[in-house]
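Enquirer: Mind folding the following:
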Amino acid sequence: MRKREVLLFFMMGTLMLSGCSTQTEQNTQQNTEQNTSTESSSAVSNAVTEIDTSDMFSDRDKEVGYEESESVAISLADNGSSCESDAVSITENTVTIKEEGTYILSGSLSNGMVIVEAEDTDKIQLVLNGVNISSTQSAALYVRSADKVFVTTASGTENSLEHSGTYTAIDENNIDAAVFSKSDLTFNGEGMLTVTAQEGHGIVSKDDLILTSGTYVITSTSHGIAGKDSVRISNGSYTIVSGKDGIHGEHTEDSSLGFVYLAGGTFDITSQQDGISASSWLQAEGGTYTILTGNGSASVQNQNGGDGKPMERTAQEETAEDTTSIKGIKAATQMVLKGGTYTIDAEDDTLHSNGNLVIHDGTYTLSSGDDGIHADSNITIAGGTIDITKSYEGIEGLSIDVTSGESSVLASDDGMNAAGGNDSSGFEGPGPGGDQFASTEGAYIHISGGILHVNASGDGIDSNGDITVSGGETYVSGPTNSGNGTLDYSGTAQITGGIFAASGSSGMAQNFDSSSTQGVIMVNVEEQETNTEIALLDISGTELLSWTAEKEYSSVIVSSPEIQQGETTGKYTA
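Expert: Modelled structure (predicted):
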């Protein structure tokens, strides 16, 4: 039978706390003066830059139709390719397209390539109508020059582009992909395209890479698809197996470029490094994502030793981790997630931003070998359903704002940690000499809405600055060892509204402080067993709230708007 522990109190007048203990601490706090600094403040801005996405895709990017009668037909065959247009030249198994227009390709080249070499003002559409091209020396499709090239897979067709050997230079460009473009490149269509790179990348554009429809199966030893200026995807189906990043945007000279914009699509990514990576900002507004990076979270051992302290890695392991990023989705400047369904199993962080990270909506199932959600600056959770099923630290940022949504966090160390700026914290640990996160300027956690469930083996909610709870519902199953606490903070901890219910060890237990304007009960008890139901009742026996402690505990903290100021007495009821 499940054990039930009951906390009783008078709504007005005497406050009664119950819990079995020979060493019972009772603490009810009420401050009648409103504190003008209720809202958390920070030296770091938690604002993200609004991105104008209205012109990410042109009408032609999404247009899959073409007039066959106005198009140029190209028939591919080993040593027998043919075309009647002067805009196309054929030398052995190399087909070169030189002028603007629509070209319908069909047939196969077992060791050849198609080159687009047009004027910088020319727009060219390549319709793949049952095309199979393999090259042992260079790209199967190479866009040397054009304004923009559209690659359209014809309805109901299966097509393949493959690099199957080593890359031999044919000009001054460093061709290193099965599909390589120096110009803007768009893929669309109603057919299937398989891209295979036994060496190098799958698809590369040195300008913008846009994909709006079609079905793609991409296998590569390096990045699956990569755009220098940007990668933009509005729809389509993508199965990517890559030796490096699955989707990669990177521009080393301009920090505003190298972004990734995802408006929809279905993605199944298995990558040895990051699933999706942007050297600038990343924004997703829809889509379904299934991502496995590295060997997954199961390959990372639980970093906590038996005493609850993080285990250290060797210098060689730390160096390897510093040079290889194996995250689920990563952005260098900011990440904004406005919707979509995400199932991510990452050897490193599942969601990672080197700047700010905002979740507005979406459904997330996250399993991480390190942090579930990490930002070097601010994390804002303003909606969505988040389930972090495995992590070292569940949610880590310099500052954390929770305003809405429903989140569940399972962590082998801290559930929420306001520290930030520390990539791979779970791998490195604090090292000898104590906590490397002691008192950080700008660190805070503010919970103002939503529903939050935390199950942490380390600190439940840990801030190197302040903790503020002003709304929402927060339930914490904290640590069982005495080296951690349900709450851990270096500044102040204030509650002014909402429901807060937590259980954990009593050795390092901290309560909310006297600046709080909502009543708080904290009681230390003898150790209670796992799955004990804890209930808060008023003096008439009416249940005000209840929750179940997921682990054994010896300390309880509860705060609710119904708790009123009054004298306290202790009583144990069996």
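
Enquirer: Let me see the ranges of the helices in the stretch 301-450 of the chain.
Expert: All helices of the stretch 301-450 of the chain, identified by DSSP state H, counting those that start in this stretch, fall at 315-323, 425-428.

Enquirer: average pLDDT across the shortest one?
Expert: I take that to be helix 425-428. The average pLDDT for helix 425-428 rounds to 46.

Enquirer: okay, and for this protein, where does confidence drop off?
Expert: 1-45, 302-322, 420-439, 565-574 (pLDDT under 70).

Enquirer: residue farthest from the centroid of it?
Expert: Counting by C-alpha atoms, centre = their mean, the extreme residue of the chain relative to its mean C-alpha position is E84, 50.7 Å from that point.

Enquirer: How about the spatially most central residue of the chain: which residues does it bridge to?
Expert: For the chain, L351 is the residue whose C-alpha lies nearest the centre (C-alpha atoms, centre = their mean; 2.1 Å). Beta-bridge pairing for L351 (DSSP bridges): I329, I373.

Enquirer: quick thing: my sequence starts at 27, can you match it?
Expert: Yep, numbering from 27; the last one is L377 now.

Enquirer: From what I see, it and I399 are in contact.
Expert: Yes - in this structure, L377 is within contact of I399 by C-beta atoms under 8 Å, at 4.7 Å. Bear in mind the C-beta positions are built from the backbone N, C-alpha and C, glycine included.

Enquirer: Next, show the common contact partners of those two.
Expert: Both L377 and I399 are in contact with 383, 392, where contact means C-beta atoms under 8 Å, 6 or more residues apart in numbering.

Enquirer: re the thing from before, would you mind stating the distance between the residue farthest from the centre of the chain and T179?
Expert: Distance from E110 to T179, counting by C-beta to C-beta, to the nearest Å: 23 Å.

Enquirer: go on, D374?
Expert: 34 Å.

Enquirer: just S403 next, same as before
Expert: Taking C-beta to C-beta, one finds S403 at 41 Å from T179.

Enquirer: And E419, by the same measure?
Expert: From E419 to T179 the distance is 43 Å (C-beta to C-beta).

Enquirer: Compare the two (neighbour count), which wins?
Expert: A direct count of neighbours by other C-beta atoms under 10 Å for E419 and T179 places E419 higher, at 31 against 26.

Enquirer: residues in contact with that one?
Expert: Neighbouring residues of E419 by C-beta under 8 Å, 6+ apart: 396-398, 400, 437, 439-443, 451-452, 484.

Enquirer: just I525 next, same as before
Expert: Contacts of I525 (C-beta under 8 Å, 6+ apart): 498-500, 571, 585-587.

Enquirer: can you do 7 Å?
Expert: 499-500, 571, 586 (C-beta atoms under 7 Å, 6 or more residues apart in numbering).

Enquirer: From N537, how far off is the closest residue in space to it that isn't next to it in sequence?
Expert: Excluding the flanking residues, the one nearest I525 by C-beta to C-beta, 6 or more residues apart in numbering is E499, at 4.5 Å. Distance from E499 to N537, counting by C-beta to C-beta: 19 Å.

Enquirer: Settle it for me: which of those two has more neighbours?
Expert: More crowded of E499 and N537, by other C-beta under 10 Å: N537, with 21 against 18.

Enquirer: Let's verify that one: helix, strand, or coil?
Expert: Recorded secondary structure, N537: coil (DSSP: H, G, I helix; E, B strand; the rest coil).

Enquirer: That one contacts N550, correct?
Expert: No - at 10.3 Å, N537 does not count as touching N550 under the criterion of C-beta atoms under 7 Å.

Enquirer: G322 against D371, yeah?
Expert: Yes - the criterion here is C-beta under 7 Å, and G322 meets it with D371 at 4.5 Å.

Enquirer: So those two - more neighbours on which side?
Expert: D371 (25 against 18).

Enquirer: got the contact list for that one?
Expert: 318, 322-323, 393.

Enquirer: Across the sheet, point out what pairs with it.
Expert: L318, S393.

Enquirer: how near is it to L571?
Expert: Taking C-beta to C-beta as the measure, D371 and L571 are separated by 34 Å.

Enquirer: isn't I259 right up against L237?
Expert: Yes - using C-beta under 7 Å, I259 is in contact with L237, at 4.8 Å.

Enquirer: In contact with H277, which residues?
Expert: 254-255, 283-284, 305-306.

Enquirer: Among the residues you listed, which one is most surrounded by other residues?
Expert: Top of the contacts of H277 by neighbour count (other C-beta under 10 Å): G284, with 27 neighbours.

Enquirer: Would you mind confirming that it is in contact with L308?
Expert: No - counting by C-beta under 7 Å, G284 stays clear of L308, with 9.9 Å between them.

Enquirer: So for stretch 141-156, what gets flagged as buried?
Expert: Buried residues in stretch 141-156, counted by 16 or more other C-beta atoms under 10 Å: 141-144, 148-156.

Enquirer: Which of these fall within strands?
Expert: With DSSP state E as the criterion, strands contain 141-143, 149-156 from among the buried residues of stretch 141-156.

Enquirer: just the residues you listed now: which is nearest S566?
Expert: The shortest approach to S566 among these belongs to L154, at 74.7 Å (C-beta to C-beta).

Enquirer: which of the buried residues of stretch 141-156 sit farthest apart?
Expert: That would be D148 and G156, which, of the buried residues of stretch 141-156, are the farthest apart (C-beta to C-beta) at 25.2 Å.

Enquirer: Can you report how many residues lie near E432?
Expert: For E432, the neighbour count with other C-beta under 10 Å is 16.

Enquirer: what's the distance between it and D233?
Expert: From E432 to D233 the distance is 41 Å (C-beta to C-beta).

Enquirer: ranges for the strands of the stretch 477-600 of the chain?
Expert: Taking DSSP state E, counting those that start in this stretch as the test, the strands found in the stretch 477-600 of the chain are 477-482, 487-489, 492-503, 513-515, 519-530, 546-554, 559-564, 569-574, 579-585, 594-596.

Enquirer: hang on, the earlier thing: is it true that the residue nearest to I525 touches I477?
Expert: Yes - between E499 and I477 a contact is recorded at 4.8 Å, counting by C-beta under 7 Å.

Enquirer: Among the contacts of E419, pick out the one closest to S84, please.
Expert: Nearest to S84 among the contacts of E419: H400, at 35.1 Å, using C-beta to C-beta.

Enquirer: Compute the number of surrounding residues for that closest one.
Expert: H400 has 32 nearby residues by other C-beta under 10 Å.

Enquirer: Contacts only, for it.
Expert: Taking C-beta under 7 Å, 6+ apart, one finds 375, 378, 422-423 in contact with H400.
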